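Novice: Quick check, what structure comes out for this input:
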Amino acid sequence: MTYNIDLILEELYGLQRLGIKVGLKHTAQLLDKIGNPHNKLKLIHIAGTNGKGSTCSMLSNILIEHGLKVGLYTSPHLMKFNERIQINGNQISDNYIAKFFNKNRRHINFIKSTFFETTTALALDYFNNKSVDIAIIETGLGGRLDATNVISPIACGISSISFDHTDILGDTLEKISKEKAGIIKEKIPVVTFEQKKNILQVINRVCKEKNTNLEVIQNDEIIISKVDEEGTRFSYLNFEVELPLFGDYQVRNCSLAICLSKHALGKALISSKIKTAISKSIWKGRLEKLSINNLFYDVAHNSEGVKAMLNTINTLYPNKDKIGLFCIKSDKNISAICKLLKNNFKKLILCNDGNGYLIKASDLKIIMNKNNIESISVKSVEEGISFLKDYSDPKYVNLIFGSHYIANEVYATIGKYFDTTYN
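Specialist: Numbering: from 1, shown residues only. The predicted model follows:
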(Lines give C-alpha, C1' and ligand atoms only; values in the text may rest on other atoms or scores of the structure.)
Protein backbone atom coordinates (compact mmCIF):
# COMPACT_ATOMS: atom_id res chain seq x y z
CA MET A 1 0.00 0.00 0.00
CA THR A 2 1.42 3.37 -0.99
CA TYR A 3 1.11 6.49 1.13
CA ASN A 4 2.28 10.07 1.19
CA ILE A 5 3.75 10.77 4.63
CA ASP A 6 3.60 14.53 4.06
CA LEU A 7 -0.16 14.33 3.51
CA ILE A 8 -0.55 12.06 6.55
CA LEU A 9 1.40 14.47 8.76
CA GLU A 10 -0.53 17.43 7.35
CA GLU A 11 -3.74 15.69 8.40
CA LEU A 12 -2.26 14.86 11.81
CA TYR A 13 -1.09 18.44 12.37
CA GLY A 14 -4.54 19.56 11.25
CA LEU A 15 -5.92 18.03 14.45
CA GLN A 16 -4.34 20.97 16.27
CA ARG A 17 -7.34 22.99 15.12
CA LEU A 18 -9.21 21.19 17.90
CA GLY A 19 -6.93 22.99 20.35
CA ILE A 20 -5.75 21.73 23.72
CA LYS A 21 -8.29 19.57 25.52
CA VAL A 22 -7.70 19.03 29.20
CA GLY A 23 -9.06 15.68 30.24
CA LEU A 24 -8.48 11.99 29.66
CA LYS A 25 -11.80 10.96 28.11
CA HIS A 26 -10.86 11.17 24.42
CA THR A 27 -7.45 9.54 24.90
CA ALA A 28 -9.02 6.68 26.85
CA GLN A 29 -11.66 6.22 24.15
CA LEU A 30 -9.08 6.10 21.35
CA LEU A 31 -6.84 3.72 23.27
CA ASP A 32 -9.81 1.45 23.90
CA LYS A 33 -10.53 1.35 20.16
CA ILE A 34 -6.96 0.23 19.43
CA GLY A 35 -6.81 -2.44 22.13
CA ASN A 36 -5.53 -0.50 25.18
CA PRO A 37 -1.81 -1.02 24.45
CA HIS A 38 -0.81 1.02 27.53
CA ASN A 39 -2.16 -1.69 29.82
CA LYS A 40 0.43 -4.13 28.44
CA LEU A 41 3.45 -1.87 28.99
CA LYS A 42 5.90 -1.22 31.79
CA LEU A 43 6.09 2.59 32.03
CA ILE A 44 7.78 5.51 33.78
CA HIS A 45 5.94 8.84 33.77
CA ILE A 46 7.70 12.22 34.03
CA ALA A 47 6.18 15.69 34.48
CA GLY A 48 7.58 19.15 35.18
CA THR A 49 7.91 22.62 33.67
CA ASN A 50 11.56 22.53 32.62
CA GLY A 51 13.98 19.63 32.26
CA LYS A 52 11.56 16.75 31.85
CA GLY A 53 12.71 16.04 28.29
CA SER A 54 16.38 15.98 29.32
CA THR A 55 15.53 13.70 32.25
CA CYS A 56 13.62 11.32 29.96
CA SER A 57 16.51 11.20 27.50
CA MET A 58 19.14 10.48 30.15
CA LEU A 59 16.94 7.84 31.80
CA SER A 60 16.46 6.20 28.41
CA ASN A 61 20.23 6.09 27.85
CA ILE A 62 20.79 4.47 31.25
CA LEU A 63 18.22 1.74 30.63
CA ILE A 64 19.49 1.10 27.08
CA GLU A 65 23.04 0.74 28.41
CA HIS A 66 21.74 -1.94 30.77
CA GLY A 67 20.48 -3.96 27.81
CA LEU A 68 16.81 -2.99 27.78
CA LYS A 69 14.67 -2.17 24.77
CA VAL A 70 13.41 1.29 25.70
CA GLY A 71 10.58 3.37 24.28
CA LEU A 72 10.85 7.16 24.60
CA TYR A 73 7.95 9.57 24.07
CA THR A 74 8.76 13.28 24.30
CA SER A 75 7.52 16.56 22.88
CA PRO A 76 7.78 18.85 21.07
CA HIS A 77 10.09 17.82 18.25
CA LEU A 78 12.76 20.12 16.86
CA MET A 79 13.10 19.08 13.23
CA LYS A 80 10.84 16.15 12.48
CA PHE A 81 7.70 14.63 13.99
CA ASN A 82 9.39 11.21 14.24
CA GLU A 83 11.70 12.52 16.98
CA ARG A 84 8.81 12.34 19.44
CA ILE A 85 8.62 8.54 19.39
CA GLN A 86 11.81 6.48 19.62
CA ILE A 87 13.02 3.02 20.56
CA ASN A 88 16.68 2.77 21.61
CA GLY A 89 17.44 6.02 19.81
CA ASN A 90 15.74 5.04 16.54
CA GLN A 91 12.81 7.21 15.55
CA ILE A 92 9.46 5.76 14.54
CA SER A 93 9.23 5.11 10.81
CA ASP A 94 7.09 7.09 8.39
CA ASN A 95 5.51 3.80 7.38
CA TYR A 96 4.28 3.02 10.91
CA ILE A 97 2.88 6.54 11.35
CA ALA A 98 0.98 6.29 8.06
CA LYS A 99 -0.37 2.79 8.75
CA PHE A 100 -1.56 3.75 12.24
CA PHE A 101 -3.30 6.89 11.00
CA ASN A 102 -4.92 5.19 8.02
CA LYS A 103 -6.10 2.28 10.15
CA ASN A 104 -7.53 4.47 12.92
CA ARG A 105 -8.65 7.59 11.03
CA ARG A 106 -12.32 6.71 11.53
CA HIS A 107 -11.89 6.43 15.33
CA ILE A 108 -9.77 9.61 15.50
CA ASN A 109 -12.35 11.65 13.60
CA PHE A 110 -15.37 10.19 15.41
CA ILE A 111 -13.84 10.80 18.86
CA LYS A 112 -12.48 14.18 17.70
CA SER A 113 -9.06 13.34 19.12
CA THR A 114 -6.59 16.22 19.22
CA PHE A 115 -3.09 16.14 17.80
CA PHE A 116 -1.51 15.29 21.16
CA GLU A 117 -4.15 12.71 22.08
CA THR A 118 -3.63 10.95 18.76
CA THR A 119 0.15 11.15 19.02
CA THR A 120 0.05 9.69 22.54
CA ALA A 121 -2.07 6.76 21.35
CA LEU A 122 0.32 6.24 18.41
CA ALA A 123 3.34 6.13 20.74
CA LEU A 124 1.76 3.63 23.13
CA ASP A 125 0.58 1.46 20.23
CA TYR A 126 4.06 1.51 18.70
CA PHE A 127 5.82 0.61 21.95
CA ASN A 128 3.45 -2.28 22.56
CA ASN A 129 3.67 -3.52 18.97
CA LYS A 130 7.48 -3.47 19.15
CA SER A 131 7.51 -5.21 22.57
CA VAL A 132 9.67 -2.73 24.44
CA ASP A 133 10.88 -3.73 27.89
CA ILE A 134 9.95 -0.33 29.29
CA ALA A 135 8.69 3.01 27.96
CA ILE A 136 9.40 6.47 29.30
CA ILE A 137 6.53 8.90 28.86
CA GLU A 138 6.88 12.68 29.13
CA THR A 139 3.75 14.71 29.85
CA GLY A 140 2.78 17.31 27.29
CA LEU A 141 1.19 20.02 29.41
CA GLY A 142 0.51 19.77 33.12
CA GLY A 143 -0.09 16.28 34.38
CA ARG A 144 -3.46 15.70 36.03
CA LEU A 145 -5.48 16.23 32.84
CA ASP A 146 -2.68 15.58 30.36
CA ALA A 147 -3.43 12.97 27.69
CA THR A 148 -0.54 10.81 28.93
CA ASN A 149 -2.11 10.45 32.36
CA VAL A 150 -4.12 7.43 31.26
CA ILE A 151 -1.11 5.23 32.03
CA SER A 152 -0.26 3.24 35.16
CA PRO A 153 3.52 3.59 35.62
CA ILE A 154 5.93 1.78 37.90
CA ALA A 155 7.38 5.15 39.01
CA CYS A 156 6.79 8.87 38.52
CA GLY A 157 9.36 11.64 38.23
CA ILE A 158 8.78 15.37 38.65
CA SER A 159 11.40 17.79 37.34
CA SER A 160 11.65 21.54 37.98
CA ILE A 161 8.33 23.34 38.39
CA SER A 162 7.92 27.03 37.56
CA PHE A 163 5.49 29.40 35.88
CA ASP A 164 4.34 28.46 32.37
CA HIS A 165 0.96 27.94 30.68
CA THR A 166 -0.64 29.85 33.55
CA ASP A 167 -3.85 30.30 31.55
CA ILE A 168 -4.40 26.54 31.73
CA LEU A 169 -2.48 25.32 34.79
CA GLY A 170 -3.11 28.20 37.19
CA ASP A 171 -1.52 31.47 38.20
CA THR A 172 0.33 30.33 41.32
CA LEU A 173 3.12 27.82 41.87
CA GLU A 174 0.85 25.89 44.19
CA LYS A 175 -1.83 25.48 41.50
CA ILE A 176 0.74 24.55 38.85
CA SER A 177 2.41 22.08 41.23
CA LYS A 178 -0.93 20.41 41.93
CA GLU A 179 -1.51 19.94 38.21
CA LYS A 180 1.99 18.49 37.69
CA ALA A 181 1.55 16.24 40.75
CA GLY A 182 -1.60 14.91 39.11
CA ILE A 183 0.47 12.12 37.56
CA ILE A 184 1.00 10.60 41.03
CA LYS A 185 -0.86 7.29 41.38
CA GLU A 186 -1.91 5.16 44.33
CA LYS A 187 1.14 3.49 45.92
CA ILE A 188 3.39 4.30 42.93
CA PRO A 189 6.78 5.73 44.05
CA VAL A 190 7.58 9.36 43.21
CA VAL A 191 10.97 11.02 42.79
CA THR A 192 11.79 14.70 42.55
CA PHE A 193 14.64 16.94 43.63
CA GLU A 194 14.91 19.79 46.09
CA GLN A 195 13.02 22.86 44.90
CA LYS A 196 10.92 25.66 46.41
CA LYS A 197 9.26 24.78 49.71
CA ASN A 198 5.71 25.49 48.53
CA ILE A 199 6.20 23.22 45.51
CA LEU A 200 7.46 20.32 47.61
CA GLN A 201 4.63 20.81 50.10
CA VAL A 202 2.08 20.30 47.34
CA ILE A 203 3.85 17.22 45.95
CA ASN A 204 4.22 15.74 49.42
CA ARG A 205 0.54 16.34 50.21
CA VAL A 206 -0.57 14.56 47.02
CA CYS A 207 1.77 11.65 47.79
CA LYS A 208 0.19 11.26 51.21
CA GLU A 209 -3.28 11.32 49.63
CA LYS A 210 -2.16 8.58 47.25
CA ASN A 211 -0.48 6.50 49.98
CA THR A 212 2.85 6.55 48.23
CA ASN A 213 6.46 7.36 49.02
CA LEU A 214 8.17 10.56 47.91
CA GLU A 215 11.93 10.57 47.46
CA VAL A 216 13.45 14.05 47.31
CA ILE A 217 17.02 14.28 46.01
CA GLN A 218 18.79 16.76 48.30
CA ASN A 219 21.16 19.39 46.98
CA ASP A 220 23.90 18.23 49.35
CA GLU A 221 23.72 14.72 47.84
CA ILE A 222 25.07 16.21 44.59
CA ILE A 223 28.70 17.36 44.47
CA ILE A 224 29.89 19.18 41.34
CA SER A 225 33.65 18.89 40.87
CA LYS A 226 34.16 20.40 37.40
CA VAL A 227 32.30 22.65 34.96
CA ASP A 228 33.84 23.60 31.61
CA GLU A 229 33.13 23.61 27.89
CA GLU A 230 33.17 19.80 27.84
CA GLY A 231 30.32 19.55 30.34
CA THR A 232 29.96 18.82 34.05
CA ARG A 233 31.62 16.25 36.30
CA PHE A 234 29.69 15.45 39.47
CA SER A 235 28.88 12.75 41.98
CA TYR A 236 25.45 11.72 43.20
CA LEU A 237 25.38 9.18 46.01
CA ASN A 238 27.93 6.55 44.93
CA PHE A 239 27.80 7.45 41.25
CA GLU A 240 30.60 9.46 39.61
CA VAL A 241 29.58 10.76 36.19
CA GLU A 242 30.67 13.14 33.46
CA LEU A 243 27.71 14.81 31.82
CA PRO A 244 28.28 16.45 28.41
CA LEU A 245 25.56 18.99 29.18
CA PHE A 246 25.88 22.33 30.93
CA GLY A 247 24.26 23.80 34.01
CA ASP A 248 23.35 22.92 37.57
CA TYR A 249 19.80 22.22 36.38
CA GLN A 250 21.05 19.47 34.05
CA VAL A 251 22.94 17.94 36.95
CA ARG A 252 19.67 17.78 38.91
CA ASN A 253 17.89 16.32 35.89
CA CYS A 254 20.62 13.70 35.57
CA SER A 255 20.38 12.81 39.27
CA LEU A 256 16.62 12.42 38.85
CA ALA A 257 17.19 10.07 35.90
CA ILE A 258 19.66 7.99 37.92
CA CYS A 259 17.25 7.75 40.84
CA LEU A 260 14.36 6.73 38.58
CA SER A 261 16.52 4.07 36.96
CA LYS A 262 16.73 2.33 40.34
CA HIS A 263 12.98 1.73 40.17
CA ALA A 264 13.32 0.14 36.74
CA LEU A 265 16.46 -1.91 37.38
CA GLY A 266 16.70 -2.43 41.12
CA LYS A 267 19.84 -4.33 42.12
CA ALA A 268 20.72 -4.79 38.45
CA LEU A 269 21.83 -1.14 38.31
CA ILE A 270 25.54 -1.00 37.48
CA SER A 271 27.63 2.09 38.23
CA SER A 272 29.94 1.73 35.22
CA LYS A 273 26.96 1.46 32.86
CA ILE A 274 25.45 4.62 34.32
CA LYS A 275 28.72 6.44 33.73
CA THR A 276 28.86 5.23 30.11
CA ALA A 277 25.21 6.10 29.48
CA ILE A 278 25.50 9.61 30.86
CA SER A 279 28.64 10.29 28.87
CA LYS A 280 26.53 9.74 25.73
CA SER A 281 23.71 12.04 26.84
CA ILE A 282 23.15 14.81 24.34
CA TRP A 283 19.79 16.57 24.14
CA LYS A 284 19.47 18.78 21.09
CA GLY A 285 18.49 22.39 21.59
CA ARG A 286 19.45 22.47 25.27
CA LEU A 287 22.34 24.92 25.39
CA GLU A 288 23.68 23.05 22.40
CA LYS A 289 26.99 24.27 21.06
CA LEU A 290 26.58 24.72 17.32
CA SER A 291 30.06 25.88 16.41
CA ILE A 292 33.55 26.35 17.79
CA ASN A 293 32.91 30.10 17.82
CA ASN A 294 30.85 29.90 21.02
CA LEU A 295 27.50 29.77 19.24
CA PHE A 296 24.76 28.09 21.29
CA TYR A 297 21.11 27.24 20.72
CA ASP A 298 18.74 26.88 23.66
CA VAL A 299 14.99 26.35 23.45
CA ALA A 300 14.44 28.13 26.79
CA HIS A 301 11.03 29.76 26.42
CA ASN A 302 9.99 30.78 29.94
CA SER A 303 11.63 32.93 32.60
CA GLU A 304 12.98 29.99 34.61
CA GLY A 305 14.54 28.44 31.51
CA VAL A 306 16.10 31.71 30.37
CA LYS A 307 17.42 32.36 33.87
CA ALA A 308 19.05 28.91 34.00
CA MET A 309 20.56 29.42 30.55
CA LEU A 310 22.06 32.79 31.48
CA ASN A 311 23.40 31.54 34.81
CA THR A 312 25.17 28.68 33.05
CA ILE A 313 26.66 30.88 30.34
CA ASN A 314 27.83 33.39 32.92
CA THR A 315 29.54 30.55 34.82
CA LEU A 316 31.21 29.16 31.70
CA TYR A 317 32.18 32.52 30.20
CA PRO A 318 32.33 35.11 33.00
CA ASN A 319 34.43 37.55 31.00
CA LYS A 320 32.71 37.36 27.61
CA ASP A 321 30.08 39.71 26.22
CA LYS A 322 26.83 38.03 25.21
CA ILE A 323 25.14 38.55 21.85
CA GLY A 324 21.57 37.22 21.66
CA LEU A 325 19.21 36.22 18.86
CA PHE A 326 15.77 36.03 20.46
CA CYS A 327 12.18 35.20 19.53
CA ILE A 328 9.24 33.89 21.53
CA LYS A 329 5.54 32.97 21.51
CA SER A 330 3.02 35.57 22.57
CA ASP A 331 1.55 33.46 25.40
CA LYS A 332 4.75 33.60 27.48
CA ASN A 333 5.39 35.87 30.46
CA ILE A 334 7.52 38.26 28.45
CA SER A 335 7.74 40.89 31.20
CA ALA A 336 9.48 38.39 33.49
CA ILE A 337 11.87 37.43 30.68
CA CYS A 338 12.59 41.11 29.97
CA LYS A 339 13.88 41.55 33.52
CA LEU A 340 16.44 38.83 32.78
CA LEU A 341 17.44 40.22 29.39
CA LYS A 342 17.97 43.77 30.59
CA ASN A 343 21.66 44.69 30.94
CA ASN A 344 22.65 41.09 30.18
CA PHE A 345 23.47 41.43 26.47
CA LYS A 346 25.90 43.62 24.60
CA LYS A 347 23.53 43.31 21.64
CA LEU A 348 20.09 41.71 21.37
CA ILE A 349 18.71 40.78 17.95
CA LEU A 350 15.00 40.01 17.51
CA CYS A 351 13.84 37.84 14.61
CA ASN A 352 10.73 36.53 12.91
CA ASP A 353 10.14 32.81 12.42
CA GLY A 354 9.32 31.43 8.99
CA ASN A 355 5.91 30.01 9.96
CA GLY A 356 4.56 33.02 11.83
CA TYR A 357 4.01 31.13 15.09
CA LEU A 358 5.95 33.66 17.18
CA ILE A 359 5.64 37.36 17.97
CA LYS A 360 6.68 39.53 15.05
CA ALA A 361 10.14 41.00 15.59
CA SER A 362 8.74 44.51 15.12
CA ASP A 363 6.13 43.93 17.85
CA LEU A 364 8.69 42.33 20.12
CA LYS A 365 10.92 45.36 19.65
CA ILE A 366 8.12 47.61 20.94
CA ILE A 367 7.98 45.46 24.08
CA MET A 368 11.75 45.71 24.47
CA ASN A 369 11.60 49.49 24.08
CA LYS A 370 8.95 49.73 26.81
CA ASN A 371 11.30 47.79 29.09
CA ASN A 372 14.28 50.01 28.18
CA ILE A 373 16.11 47.15 26.46
CA GLU A 374 18.15 48.10 23.41
CA SER A 375 17.58 45.76 20.48
CA ILE A 376 17.46 45.52 16.73
CA SER A 377 15.00 43.51 14.64
CA VAL A 378 15.65 41.41 11.55
CA LYS A 379 13.30 39.64 9.16
CA SER A 380 14.41 36.04 9.65
CA VAL A 381 16.42 33.56 11.69
CA GLU A 382 18.85 33.26 8.80
CA GLU A 383 19.43 37.03 8.75
CA GLY A 384 19.88 37.01 12.52
CA ILE A 385 22.48 34.23 12.38
CA SER A 386 24.27 36.12 9.60
CA PHE A 387 24.38 39.10 11.95
CA LEU A 388 25.86 36.90 14.70
CA LYS A 389 28.78 36.05 12.41
CA ASP A 390 30.01 39.59 12.95
CA TYR A 391 30.54 38.57 16.58
CA SER A 392 32.45 35.32 16.02
CA ASP A 393 35.43 36.76 17.86
CA PRO A 394 36.42 34.63 20.92
CA LYS A 395 35.64 37.56 23.23
CA TYR A 396 31.90 37.02 22.54
CA VAL A 397 29.44 34.23 23.24
CA ASN A 398 26.43 34.03 20.90
CA LEU A 399 23.07 32.70 22.07
CA ILE A 400 20.08 31.77 19.91
CA PHE A 401 17.13 31.22 22.24
CA GLY A 402 13.44 31.54 23.00
CA SER A 403 11.63 28.81 21.08
CA HIS A 404 11.50 25.28 19.69
CA TYR A 405 9.74 26.63 16.63
CA ILE A 406 12.87 28.03 14.99
CA ALA A 407 14.89 24.81 15.22
CA ASN A 408 14.44 23.92 11.56
CA GLU A 409 15.67 27.34 10.49
CA VAL A 410 18.57 27.31 12.95
CA TYR A 411 19.89 23.90 11.89
CA ALA A 412 19.32 24.56 8.20
CA THR A 413 21.27 27.82 8.40
CA ILE A 414 24.09 26.35 10.45
CA GLY A 415 24.21 23.20 8.31
CA LYS A 416 23.51 20.71 11.07
CA TYR A 417 20.91 17.97 11.03
CA PHE A 418 20.18 14.83 12.94
CA ASP A 419 17.97 12.00 11.76
CA THR A 420 17.84 8.45 13.08
CA THR A 421 14.50 7.59 11.52
CA TYR A 422 14.08 3.96 10.58
CA ASN A 423 12.13 4.02 7.30
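Novice: What residues does the residue lying closest to Glu288 once chain neighbours are set aside make contact with?
Specialist: Nearest residue to Glu288, sequence neighbours excluded (Cβ to Cβ, 6 or more residues apart in numbering): Tyr297, at 5.0 Å. Yep, even glycine has a C-beta here, placed from its N, CA and C like the rest. When contacts are counted by Cβ atoms under 8 Å, 6 or more residues apart in numbering, Tyr297 touches 285, 287-288, 290, 399-401, 407, 410.
Novice: pLDDT averaged over the helix or strand containing Tyr297 - what is it?
Specialist: Mapping Tyr297 onto the secondary structure by DSSP states H and E places it in strand 295-298. Averaging pLDDT along strand 295-298 gives 94.
Novice: For the helix or strand that that strand is followed by, what does the pLDDT average out to?
Specialist: Sequence-wise, the next helix or strand downstream of strand 295-298 (DSSP H and E) is helix 303-316. Mean pLDDT, helix 303-316: 92.
Novice: how far does helix 303-316 sit from the chain's center?
Specialist: Centroid separation between helix 303-316 and its chain, computed with Cα atoms, centre = their mean, to the nearest Å, is 16 Å.
Novice: Let me see the residues that make contact with it.
Specialist: With contacts defined as Cβ under 8 Å, 6+ apart, helix 303-316 is touched by 49-50, 160, 162-164, 227-229, 246-249, 287, 296, 298-300, 322, 333, 336-337, 339-341, 344, 397, 399, 401-402.
Novice: can we see that at 6 Å?
Specialist: Helix 303-316 is contacted by residues 50, 162, 246-247, 249, 298, 300, 333, 336-337, 340 when judged by Cβ atoms under 6 Å, 6 or more residues apart in numbering.
Novice: so where do the strands sit in the stretch 251-400 of the chain?
Specialist: Taking DSSP state E, counting those that start in this stretch, the strands of the stretch 251-400 of the chain run over residues 288-291, 295-298, 321-326, 347-351, 376-378, 396-401.
Novice: wait, what's in contact with His263?
Specialist: The neighbourhood of His263, defined by Cβ under 6 Å, 6+ apart, consists of 154-155, 189.
Novice: coming back round to it: any idea how far the strand holding Tyr297 is from the middle of the chain?
Specialist: Here the centre of mass of C-alpha atoms in strand 295-298, compared against the chain's by Cα atoms, centre = their mean, lies 16 Å away.
Novice: hmm, who's touching the helix or strand hosting Thr192?
Specialist: In this structure, Thr192 sits in strand 190-193 according to DSSP H and E. The contact list for strand 190-193 (Cβ under 6 Å, 6+ apart) reads 156-158, 184, 207, 214-217, 252, 256, 259-260.
Novice: ok, now with 7 Å
Specialist: The contact list for strand 190-193, computed with Cβ atoms under 7 Å, 6 or more residues apart in numbering, reads 155-158, 184, 203, 207, 212, 214-217, 252, 255-256, 259-260.
Novice: Okay, domains of this structure per the record?
Specialist: With domains defined by automatic domain parsing, the chain comprises 5-279, 288-414.
Novice: If anything else comes up later, I'll come back, but that's it for now.
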